[in-house]
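J.: Below is the sequence, then the predicted model.
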Amino acid sequence: MPQTLRFHLNDRLIEDERAQPTTTLLAYLREQLHLTGTKEGCAEGDCGACSVVVLDAEAAGGPTYRAINACLVLLPMVQGRRVYTVEGLRQDGALHPVQEAMVRELGSQCGYCTPGVVMSLFEACYRRDLREPWQLDDQLCGNLCRCTGYRPIRDAARSVAASCPQDSFHARLAAPADSIAFTRESAGRIYATPTSFTELWSHLAAHPQARLICGGTDLSLLITKRFQDLPELVSLEGLADLRGISRITDGFAGWRIGATTNLAELEAACLADLAAYTPLLRMLRYFASRQIKNRATVGGNLCNASPIGDLAPVLISLGAVAELRSAAGSRRVALDEFFLAYRKTALQAGEILAAIELPELPANARVAAYKVSKRRELDISTVAAGCYVELDAADRVAQIRLAYGGMAATPARARNLEAALLGRSWSLAQVEAALPALAHDFRPLDDLRGSAWYRGLLAENLIRGFVLETQHEARPNLSQRPSATVHLEVVP
Amino acid sequence: MTLHQPSHHESAHGHVSGAARYVDDLPRPPGLLVGLPVGSPIACGRLLAVGRAAALALPGVHAVLLASDIPGHNRIGPIVHDEPLLADGPLHAVGQLVALVVGESLAVCRAAAQKLEISVEEAPPILSIADAIAASSYLGTPHRMRRGDVEAALASAALRLDGELRSGGQDHFYLETQAALAIPGEDGSLEIQSSTQHPSEIQSAAAEILACDRSRIVVQVPRMGGGFGGKESQATHFAVLAALAARALARPVKVWLNRDQDMQMTGKRHPFWSRYRAGFTADGRITALEVFIFADGGWSIDLTPAILDRALFHLDNSYYIPNLAFEGRAVRTNTASNTAFRGFGGPQGMLVIEDAMSRAAERLGIDPAELRRRNYYGPDAEGAAAVILPEGPLEPAVLPLLRQRRLTPYYQDIDDCRLPRIHAELLRDADYAARRAEIDAFNARSPLVKRGLGFMPIKFGISFTNSVLNQAGALVLVYTDGSVQLNHGGTEMGQGLHSKMLAICAHELGVREPQIRVMPTATDKVPNTSATAASSGSDLNGAAVQLACAEIRERLRPLAAELIGASDPARVCFAEGRVFEPGGRETSFAELTRAAWARRIALSATGYYATPGIVYDREAGRGKPFHYFAYGAALTEVEVSGLTGEHRVLRVDILHDVGHSLLPSIDRGQIEGGYIQGLGWLTSEELVWDRRGQLLTHGPSTYKIPAVGDAPEDFRVALLTSAAQDSVVHGSKAVGEPPLMLAISVIAALRHAIAGFGASGLTSGLASGLASGLEPHLAIPCTPEAILRGIEDMRTRARAQIISAAE
């Protein structure tokens, strides 16, 4: 078992036997390696000043560079990987094209966010899936800049995005990947990245208190914000079987999304194989930042069971089923029964979420998803909703699932409203008549993200929006730059 | 980098390659310790005792410093020394500095801070302006301005408005948090590296806290990762803490705040509460304005009086007001001491009159841009007969200026109002009339999504309103290879000041940019400097740099003429590193400096500049506080959702007056960045405290500054042409603050959109009658929730109006 931390930084091999596994990559870069180009702006993954790039050799569409928040990455997460920082982009003394673009467009003023912006642009430069204009804003929304007002950064981004220069970085994408397996164990402490389920189950048996980790975009906050020690961590990153999206043919027709599939991969799939599931893409459009999506996983977002986790409402509305696995075998639980209480799930000790199964969408289904937050990008939901309705031949509601985030202690369905709508015809008038039932579903909170009044009205208005949006279109998409989560270009 | 030509930022290569160093990036000196400030856990009460034994017992902890460890005078503050550096009894805010834990790592310091036994006696805090007024909790004295007779004018006004307006605070959210490093030297000397806009203030504060001469202290600023006013007075505390610890332990000490500490411990833009009464003629000319404004200063004076002054100076924005009565007061509350923030009270003042202008337009049914135009300073387009004079006896001395509508509320003469020209050019180029009509047509057919177009002009006074601060120095050193070190008193926080100084220096000496090195700002190069603030950095320092460089050039000129055999020294040109006579011989600047050394001619010079002719009598509320005014105007288009209250800024057009721009690309960056920062203040940035005075929004996960998608895709910025400003360096104008206020146009745009909801209900079940003359009610910041409240309120009142009309 490899005990030594080993990774490539700017193409130089770093080997370290002593570094604490719970050290963040950011702290290691600045304090141990004296590479101070990468900055700490917030230590919570919300500003992007710490962005670095990692080569993801196992990505679904082939090896790719991914910008990530170094403040939330623990050292073993880069085991066997190639990491690049802003100091590593010059080649033979010459600026990289993304750096040149930032100089030319005056994309830097105070310069403190700039290294992070440069690394985001570096990812954008080599991305092969950057096609839509909205993807460029999404690429950059995790990089806060307080000086420029973004126009010059956007111009720089446009000039380099998907340009894929045939340079040494491009060549490096084809470099053979090293193993990411890692185990560091001592009295009462463990950080392990097992590569087989046998190893995983034995670690979990030996360390029943261990926390499961994968992307670390949420759990690492305990270290960076609350200064907690996390002595026992077992990572699921090394289990290839848990990652990826595949078609299911046995049992029922649909798709299987591995729990450690990251949100960037899920988003890419939503533009290809999963294109029918338009609500998923709508939700992912305004879901964290590119850096977070590059690390955060489907399973992590569900298992942390936050009432404002944004995948839950949309997956519940789509009728998703969770596959839970343990040493004893596996079982299936409907996702709307997975969330038991505030931050509590149906997972038993020694059990992991292995995958989510999405049933095929029937032709008569009308679907959408919504998210309202104070800021459109990289913000936490005030209210989110996943909406699904099947209409019978007479356009009456035959099946309905309306799932909300931000309205209760868990992501939850509006069962009373669903019951009130079942069998009614699908029109705004019928929805208006049924809406009073929603008052029996939720008693929303007042907090810094919104008042109870606002949440209550949003919960209603999102359903009004849903019925209006789906009057003439079964699976409406968002436009490139929508002004609101409910997208009504057409006058009802 | 050529004067008046587009240019990149002087540090751009360092920025994009990670080589640009900030305080926390400096190589760590041997023996470095770190200091962790510990703040008050309560908003109001008394500090009884701090037990530090348990903390000191932890391995790696070197000291816990308290007020009693301060050798000098434990009082700091930029205007009045009313703040203890470390609490010595009364506690006034959560996060007020109580102790500094010094140890070998931040982790050790954090553990030690947990072990501090801080005993306090808690009292109920004052957490709002209303509570402060009720408790007569004030800071400083009121500031008043008066002219004419407001009551008489209101009595005869065709339209009378009563208004109340609140604006919230704003965290600076500079990406680089507060940081300082103090390194002890010999003979009691101390070098401080600080991320500050005001190194001289740190020097003087450190000297007082340490009871030593200022000459012992050198403060240097490598560069800042953003300032925006947040490092004008409030970098001082942390730098002086580092100095205190470095002196106490005879070791280098770094104090760096993480984001949460920075947001909890440092002050913000002042929240304001205002009440006003305004009178207008039927054709939309303002006749009277009475305003009471209250600024929430937080717990100490800091820069509050000057911020309150600037708010009053901008209550008129761009408009001539015949009768007026302004009164401003600052209140003391138990929150972090509020401080300078880009605009410095100006934005809060302008909000008031812009609110009145918007409402008057809505009530009178006049186009809001046209109504504003009718009120600009300067001769009335309708002729002298249309001019409204103040009620009551008129002072003969100023009567001619009143007749030309040129007198501000503080009696400064506006002799060059550029707004009529800016107004006409912007509205023409942005196609205002057609777009307004298009939007109204769109709104009429779209019940759930509305658009709005908002216009506003600005006039912003340039100078420190405390006149003595309007001075600056420079020190230019020329070496015998022709290379130059440029020192000036201003600090670089990203605004491009160093780039502009470089361009001025290159122009004056006739050398190329790579020959010049702009040195880190340091108190041992230029002494007794003012803060880099009030948008004045390039005006003041630029003039000083120009003078210093000209001094050296003129010393060299006779020698140059001799070297190249020029007939007349006046014909010698200095350009691009060459020294030549047109059509004659030439030499290089480097050759010339070598020759000068051999001739024993001094190759260094200082430059010193003081702005002439500014004076203000605060008691009388009269004077000429500003050297000149910066003008501009903006047009903002928004789209608003009637279901969620979300909005998007679709397009922004700005025409701004920067005089003859020193570096147009840099100025454009200031305009765009300022606008977006103002947009954040007015829309998404919301500070929330709990009932005990604890800030709940202390990181970017809860405090939302604009992200890339909040910037308009269509963002058109133009600089006013042929606009050179007299008696400012190279005809330029200040640009740092004014553009922030252009963002107030978003409020006018949102009001326009919300008014559209008065015409159609959600369910479209209502009569199609158009509600009219209804003013939207919109709270600031205009978050989605605030906007949806405004929409719901508008729908409710419109329904009521339509129903009552039907009955």
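T.: Now that the structure is in, tell me what you want to look at. This structure is a prediction, so every number in the text was calculated from the model and none was measured.

J.: gap between the two ends of stretch B:421-441?
T.: End-to-end span of stretch B:421-441 (C-alpha to C-alpha, to the nearest Å): 29 Å.

J.: cool, and stretch A:329-343?
T.: Distance between the boundary residues of stretch A:329-343 (C-alpha to C-alpha) amounts to 24 Å.

J.: Work out the gap between stretch B:205-215 and the centre of the chain.
T.: The gap between where stretch B:205-215 is centred and where its chain is centred comes out at 29 Å by C-alpha atoms, centre = their mean, to the nearest Å.

J.: Show the contacting residues for residue 386.
T.: Unless you meant another one, I'm taking chain A. Neighbouring residues of residue A:386 by C-beta atoms under 8 Å, 6 or more residues apart in numbering or on different chains: A:279, A:283, A:313-318, A:369, A:401-403. In this view, the C-beta of every residue, glycine as well, is placed from N, C-alpha and C.

J.: ah, no, chain B please
T.: B:285, B:380.

J.: Let me see the mean pLDDT of stretch B:584-604.
T.: Mean per-residue pLDDT for stretch B:584-604: 98.

J.: what sits up against it?
T.: With contact meaning C-beta under 8 Å, 6+ apart, stretch B:584-604 is reached by B:475-482, B:509-511, B:515, B:552, B:555-556, B:559-560, B:563-566, B:571, B:574, B:577-580.

J.: hang on, the earlier thing: in helices, which of the contacts of residue A:386 appear?
T.: Within those, residues falling in helices by DSSP state H are A:279, A:283, A:313-317.

J.: out of those, which is most surrounded?
T.: Across the ones in helices among the contacts of residue A:386, neighbour numbers were computed from other C-beta atoms under 10 Å in any protein chain shown; residue A:313 holds the maximum, 32 neighbours.

J.: I'd like to know how far that one sits from residue A:435.
T.: Counting by C-beta to C-beta, to the nearest Å, the gap from residue A:313 to residue A:435 is 18 Å.

J.: contacting residues for residue A:187?
T.: Contact criterion C-beta under 8 Å, 6+ apart gives no residues in contact with residue A:187.

J.: surely residue A:257 meets residue A:358?
T.: Yes: Residue A:257 lies in contact with residue A:358 (C-beta atoms under 8 Å); the separation is 6.6 Å.

J.: Show me which of the two is the more surrounded one.
T.: Using other C-beta under 10 Å as the criterion, residue A:257 and residue A:358 rank with residue A:257 on top: 27 against 23.

J.: For that one, give me the backbone phi and psi.
T.: Per-residue torsions, residue A:257: phi -110, psi 110 (degrees, to the nearest 10).

J.: And it, how far from residue A:129?
T.: 18 Å.

J.: what do you get for residue B:201?
T.: 52 Å.

J.: Find the residue at the geometric middle of chain B.
T.: Centroid-nearest residue in chain B, with C-alpha atoms, centre = their mean: residue B:342, separated by 1.3 Å.

J.: Now do the domain split for the chain, please.
T.: You didn't pick a chain, so chain A it is. A:5-172, A:368-469 (automatic domain parsing).

J.: my bad, the chain I had in mind was chain B
T.: Domain assignment for chain B, taken from automatic domain parsing, gives B:12-125+B:172-265, B:126-170+B:268-375+B:378-413, B:471-610.

J.: Give me the distance between the second one and the centre of its chain.
T.: If I follow you right, that is domain B:126-170+B:268-375+B:378-413. Using C-alpha atoms, centre = their mean, the offset of domain B:126-170+B:268-375+B:378-413 from its chain centre is 19 Å.

J.: separation between the one residue in chain A that gets nearest to chain B and residue B:611?
T.: Per C-beta to the nearest C-beta, residue A:37 is where chain A lies closest to chain B, at 2.0 Å. Applying C-beta to C-beta, the value for residue A:37 to residue B:611 is 39 Å.

J.: who has more neighbours, those two?
T.: Regarding residue A:37 and residue B:611, a neighbour count based on other C-beta under 10 Å identifies residue A:37 as having more, with 26 against 22.

J.: what residues are up against that one?
T.: By C-beta under 8 Å, 6+ apart, the residues touching residue A:37 are A:85-87, A:115, B:17-19.

J.: can I get those residues in JSON lines with distance to residue B:522 and neighbour count?
T.: As requested, the contacts of residue A:37 are arranged in JSON lines below (distance: C-beta to C-beta, whole Å; neighbours: other C-beta atoms under 10 Å in any protein chain shown):
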{"residue": "A:85", "distance to residue B:522": "30", "neighbour count": "24"}
{"residue": "A:86", "distance to residue B:522": "27", "neighbour count": "29"}
{"residue": "A:87", "distance to residue B:522": "27", "neighbour count": "18"}
{"residue": "A:115", "distance to residue B:522": "26", "neighbour count": "31"}
{"residue": "B:17", "distance to residue B:522": "25", "neighbour count": "22"}
{"residue": "B:18", "distance to residue B:522": "24", "neighbour count": "25"}
{"residue": "B:19", "distance to residue B:522": "20", "neighbour count": "17"}
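
J.: For the residues you listed, work out which two are farthest apart.
T.: Taking C-beta to C-beta as the measure, the contacts of residue A:37 span a maximum distance of 12.0 Å, between A:85 and B:19.
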